[in-house]
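Enquirer: based on what follows, work out the 3D shape:
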Amino acid sequence: MAKSRLSPLRATPTIPRLELSAITIGAKLASFLQSQLDIPIQQSYIWSDSKVALMWTKCEKSLPVFIRNCMNSIKTNAPSAILRYIPGDQNPADIGS
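Expert: Numbers count the residues shown, from 1 in each chain. Next comes the predicted model:
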């Protein structure tokens, strides 16, 4: 599933921050689907073409508040989800952009 969003005009977020926001949306979507479907889900995967955003999710260092909040949301909504990298030219979600 792909979800496109416009970036805000007030602030100028970096591409990795926008990618981290997309991972956060994916985690929320995974949580919603798991709660609404009547079938048991053994494993869920969240794919991203941003190596920086994926490294932030694994980082133990102190990061800016926005990044920490996104990481907490991902861990809360999809604690067992496996985060994986997919090259941008192979990512079907990038067709719309």
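
Enquirer: how far does stretch 68-81 sit from the chain's center?
Expert: Mean C-alpha position of stretch 68-81 versus that of the full chain (CA atoms, centre = their mean, to the nearest Å) differs by 9 Å.

Enquirer: got the CA coordinates for it in CSV?
Expert: Coordinates of each C-alpha in stretch 68-81 appear next as CSV, following Å, rounded to 0.1, in the frame of the first residue of the first chain:
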residue,chain,number,x,y,z
ARG,A,68,12.3,10.4,19.0
ASN,A,69,8.5,11.0,18.8
CYS,A,70,8.3,9.2,15.4
MET,A,71,10.4,6.3,16.7
ASN,A,72,8.2,6.0,19.8
SER,A,73,5.1,6.0,17.6
ILE,A,74,6.6,3.3,15.4
LYS,A,75,7.5,1.1,18.4
THR,A,76,4.1,1.6,20.0
ASN,A,77,2.0,1.0,16.9
ALA,A,78,4.0,-1.8,15.3
PRO,A,79,6.3,-3.3,17.9
SER,A,80,6.9,-6.5,16.0
ALA,A,81,7.1,-5.1,12.5
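
Enquirer: farthest residue from the center of this protein?
Expert: The outermost residue of the chain relative to its centre, with distances by CA atoms, centre = their mean, is Asp38 at 24.0 Å.

Enquirer: now the helix of greatest length in the chain: mean pLDDT?
Expert: Ranked by residue count under DSSP state H, the longest helix found in the chain is helix 15-36. Averaged across helix 15-36, the pLDDT comes to 93.

Enquirer: list the contacts of that helix.
Expert: Residues from elsewhere that reach helix 15-36 (CB atoms under 8 Å, 6 or more residues apart in numbering): 1, 3, 5, 7, 13, 41, 44, 46, 48-50, 52-54, 56-57, 66-67, 70, 73-74, 77-78, 81, 83. Backbone N, C-alpha and C define where each C-beta goes, glycine included.
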